[in-house]
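Colleague: Sequence first, predicted model second:
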Amino acid sequence: MRSIFITIISICVALTACADLFAQDRENVEQVGRCLNQWHNAKDVFVVGDLAYVATGLSGLQIVNVSDPENPGVIGFWDYNCFALGITVSGNYAYIAGSLSGLQIVNISDPENPEWVGEYDTPGWALGVTVSGDYAYIANDYYGLQIVNISDPENPNGVGQYDTQGDVLDVTVSGDYAYVADFDAGLQIVNISDPERPEWVGEYDTPGNAYGISVSGDYAYIADGWDGGLQIVNISDPETPNGVGYYDTPGTTYGITVSGDYAYIADGSGGLQIVNISAPENPEWVGEYDTPGYAYGITVSGDYAYIADGSDGGLQIVNISDPENPNRVGYYDTPGIARGVALSEDGLIYVANRTNMGIYHFTDPADVDDETNYFAAEFNLFAAYPNPFNSTTTITFGLGKPAPTRLVLYDLSGRQVRTLVEGNQQAGIHISILSATDLPSGLYFVRLEAAEYIATRKVMLIR
């Protein structure tokens, strides 16, 4: 196995970093925290509760505490002998697709002290991993599908493999079958009812290069790259998969999310493409949003599509409640290359952004009136944005109920220099713009007093 040694210095910051770094273009999206670092390449993120597990290339596994999203911090990491490209978490273990290092297994029961417990040296590049029951299914590039028994994580045991015709980039497990995105060999279907004797049962040779796959019911939806777009394959009989429909997207299809009657496609230069798949034999294009960057990844939740849009587009948020008329309702121009996006149960958005992992909160303007929205369940003084700042900054606070309110700015000596808000305020989220063009550079304090709630935040003015 190839050994890789690297020294990592992780620097976790929230909104109190240098002003030029955080002066990002945005709309209706608030960055609430970021873990900025010397990670090699943050490509994949998996969120469980208050922890985010990030696959970061040469920097291996990084574990970030996001219980306070405004101040995310690396609390543990494991970076020996691994080029982490993909990750999944199951129980007390993180399973890492470690490229030339194969499958790496790390005990995360104590996130502050993650402990390597086992590995399986796959013959090729481990690009992705899916866990189902006692088995890990590894997308192993030109060495096909690898199946590893992980019932004893300290002694993972390779029990089966199927050497596909192409290069395995993605694998989805459903029932007794593994559905494999096999690049230039299209869709490969392997019976895994006996993992020790995986048996090829069928294939569908897509016209393009299969990058990813999503299975829903009797159909497989394949992200088939530049030449193939969206391919829809009937897999009700896995031994005779049958291509029943397709949509030739204008860009390069990298990822697909299926929700209800629609397929939402991350289409590279083609941005977001939306296809009605209620009749899989006749998929019908219904809408698109031409993102400013290059759409690599997509996650759908409720009425919104969250798109990882590369270096030029960052995080794009599109309202898809009317799929025929998708419209962007928010964006954040992240500072790296947005490649992966995940959502937590509390609605925060996590973006694997190559040089960092960003944490974002989105507020749809349609859900907000002038003074109130329904995100304010309690009193809170949020971090100012941007911070540090050189002329103006936005200060946001939440009131859990109507209350007499004072929002005041103090200098380092404790002298009151500005009253921003004073008087009775309604419950909800409130925004105050601090203009400091007449103030000298230095450290200031914003103090919120509302009912019995008192909180203070630091802001730094830099000329």
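Modeller: Alright, I've got the coordinates. As the structure is a prediction and not an experimental result, all values here were calculated from the model. Residues are numbered from 1 along each chain as shown.
Colleague: End to end on stretch 118-135, go ahead and measure it.
Modeller: In stretch 118-135, first residue to last residue: 14 Å (Cα to Cα, to the nearest Å).
Colleague: what is the mean pLDDT for it?
Modeller: For stretch 118-135, the mean pLDDT works out to 93.
Colleague: Could you list the buried residues of it?
Modeller: 118-120, 122-131, 135 (16 or more other Cβ atoms under 10 Å). From N, CA and C alone the C-beta is placed, and that goes for glycine too.
Colleague: would you list the residues you listed in CSV and tack on secondary structure and distance to M460?
Modeller: Below are those laid out as CSV (DSSP: H, G, I helix; E, B strand; the rest coil; distance: Cβ to Cβ, whole Å):
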residue, secondary structure, distance to M460
G118, strand, 46
E119, strand, 45
Y120, strand, 49
T122, coil, 48
P123, coil, 53
G124, coil, 49
W125, coil, 45
A126, strand, 44
L127, coil, 42
G128, strand, 42
V129, strand, 42
T130, strand, 45
V131, strand, 44
Y135, strand, 52
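Colleague: from these, which single one is nearest D170?
Modeller: G128 (5.8 Å; Cβ to Cβ).
Colleague: how far away is the closest one from F46?
Modeller: 12 Å (Cβ to Cβ, to the nearest Å).
Colleague: if I look at Y93, how far off is V117?
Modeller: Counting by Cβ to Cβ, the gap from Y93 to V117 is 8 Å.
Colleague: From the chain's centre, how far out is stretch 443-459? Work that out for me.
Modeller: Stretch 443-459 has its average C-alpha position 32 Å from the chain's average C-alpha position, going by Cα atoms, centre = their mean, to the nearest Å.
Colleague: was I right about G293 contacting Y331?
Modeller: No. Applying Cβ atoms under 8 Å, one finds G293 not in contact with Y331, separated by 9.8 Å.
Colleague: any shared contact partners between those two?
Modeller: Common neighbours of G293 and Y331, counting by Cβ atoms under 8 Å, 6 or more residues apart in numbering, are G313, G314, Q316.
Colleague: Sort out which of these are in strands and list them.
Modeller: Q316 (DSSP state E).
Colleague: Helices of this structure, start to end?
Modeller: Assigned by DSSP state H, the chain shows helices spanning 19-22, 225-228, 310-313.
Colleague: Just to check, V215 is in contact with T172?
Modeller: Yes. Between V215 and T172 there is a contact under Cβ under 8 Å: 5.0 Å.
Colleague: shared neighbours of those two, which are they?
Modeller: The contact lists of V215 and T172 share Y179, where a contact means Cβ under 8 Å, 6+ apart.
Colleague: ok, back up a step: looking at Y93 and V117 now, which is surrounded by more residues?
Modeller: Y93 (20 against 16; other Cβ atoms under 10 Å).
Colleague: any idea how far the more buried one lies from V159?
Modeller: 18 Å.
Colleague: circling back: hey, what's in contact with both of Y93 and V117?
Modeller: Taking Cβ under 8 Å, 6+ apart as the criterion, Y93 and V117 both touch I105, V106, N107, P153.
Colleague: Grab the two from these that are most spread out in space.
Modeller: Farthest pair in the shared contacts of Y93 and V117, by Cβ to Cβ: V106 and P153, 9.0 Å.
Colleague: which neighbours do those two share?
Modeller: Y93, V117.
Colleague: Those two: which has the busier surroundings?
Modeller: For the pair V106 and P153, the greater number of neighbours falls to V106 (26 against 17), based on other Cβ under 10 Å.
Colleague: how about that one, what does it touch?
Modeller: Applying Cβ under 8 Å, 6+ apart, the residues near V106 are L61, W78, Y93, A94, I96, P114, E115, W116, V117.
Colleague: how about a cut-off of 6 Å?
Modeller: By Cβ atoms under 6 Å, 6 or more residues apart in numbering, the contact set of V106 is L61, W78, A94, P114, W116.
Colleague: Just give the nearest non-adjacent residue to the third one, would you?
Modeller: In this structure, A94 finds its nearest non-sequential neighbour in V106, 4.7 Å apart by Cβ to Cβ, 6 or more residues apart in numbering.
Colleague: Report the beta-bridge partners for the one you found.
Modeller: Counting by DSSP bridges, V106 forms beta bridges with A94, W116.
Colleague: Could you report the distance from it to D267?
Modeller: Here the criterion is Cβ to Cβ. By it, V106 lies 34 Å from D267.
Colleague: same deal with R457?
Modeller: Taken as Cβ to Cβ, the span from R457 to D267 is 41 Å.
Colleague: who's more crowded, the two?
Modeller: D267 (29 against 19).
Colleague: hang on, isn't the more buried one packed against Y254?
Modeller: No. Taking contacts as Cβ atoms under 6 Å, D267 lies outside contact range of Y254: 7.4 Å.
Colleague: Which of the helices of the chain comes out lowest on mean pLDDT?
Modeller: Across the helices of the chain, helix 19-22 gives the lowest mean pLDDT, at a mean of 34.
Colleague: isn't Y95 right next to V129, touching?
Modeller: Yes. Contact criterion Cβ under 6 Å: Y95 and V129 qualify, at 5.1 Å.
Colleague: Which residues are in contact with each of these two?
Modeller: T88, A136.
Colleague: coming back round to it: need the contacts of V106 in CSV (columns: neighbour count).
Modeller: Shown next, in CSV, are the contacts of V106 (neighbours: other Cβ atoms under 10 Å):
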residue, neighbour count
L61, 23
W78, 22
A94, 25
P114, 22
W116, 17
